[in-house]
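Enquirer: Fold the stuff below for me.
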Amino acid sequence: MKQMTGASEVKLKMSIKPELIGGFTIQIGSKIIDTSLQGQLKQIASYLECNSI
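Expert: Residues are numbered from 1 along each chain as shown. Next up, the predicted model:
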């Protein structure tokens with residue numbers, strides 16, 4: 001996280017969200033990195049909706 005932000009110190013605020021199913025999300029300011037299963041399923045659903053026509 002320090003490398004990503006260039007900060008000398010990083011403070012983590014952790015919370016558990018059961019709806020994520022598995023994986024994790026990271027929010028740095030307005031940027032969100034989503035590695036959760038829920039996020040991956042949403043990406044697949046969006047991809048299939050766009051390519052089903």
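Enquirer: Distance of the nearest residue to residue 37 once chain neighbours are set aside relative to residue 6?
Expert: Among residues not flanking residue 37 along the chain, residue 21 sits closest, at 4.0 Å (CB to CB, 6 or more residues apart in numbering). For glycine as for every other residue, the C-beta is placed from the backbone atoms N, C-alpha and C. Between residue 21 and residue 6 the distance is 32 Å, computed by CB to CB, to the nearest Å.
Enquirer: What of residue 27?
Expert: Counting by CB to CB, the gap between residue 27 and residue 6 amounts to 17 Å.
Enquirer: which one of residue 21 and residue 6 has more residues nearby?
Expert: Between residue 21 and residue 6, residue 21 has the larger neighbour count (other CB atoms under 10 Å), namely 12 against 6.
Enquirer: Dihedrals phi and psi, the more buried one?
Expert: Note on residue 21: backbone dihedrals following degrees, to the nearest 10 are phi 70, psi -50.
Enquirer: OK, contacts around the closest residue in space to residue 5 that isn't next to it in sequence?
Expert: Closest residue to residue 5 apart from its sequence neighbours, by CB to CB, 6+ apart: residue 28 at 6.0 Å. With contacts defined as CB atoms under 8 Å, 6 or more residues apart in numbering, the neighbours of residue 28 are 1, 4, 5.
Enquirer: pLDDT averaged over stretch 43-53, what's the number?
Expert: Stretch 43-53 comes out with an average pLDDT of 81.
Enquirer: Mind listing residues that contact it?
Expert: Under CB under 8 Å, 6+ apart, the answer for stretch 43-53 is an empty list.
Enquirer: where's the helix or strand of the chain with the lowest mean pLDDT relative to the chain centroid, distance-wise?
Expert: Ranked by mean pLDDT, DSSP states H and E, the weakest helix or strand in the chain is helix 2-5, scoring a mean of 83. On the basis of CA atoms, centre = their mean, to the nearest Å, helix 2-5 sits 16 Å off its chain's mean C-alpha point.
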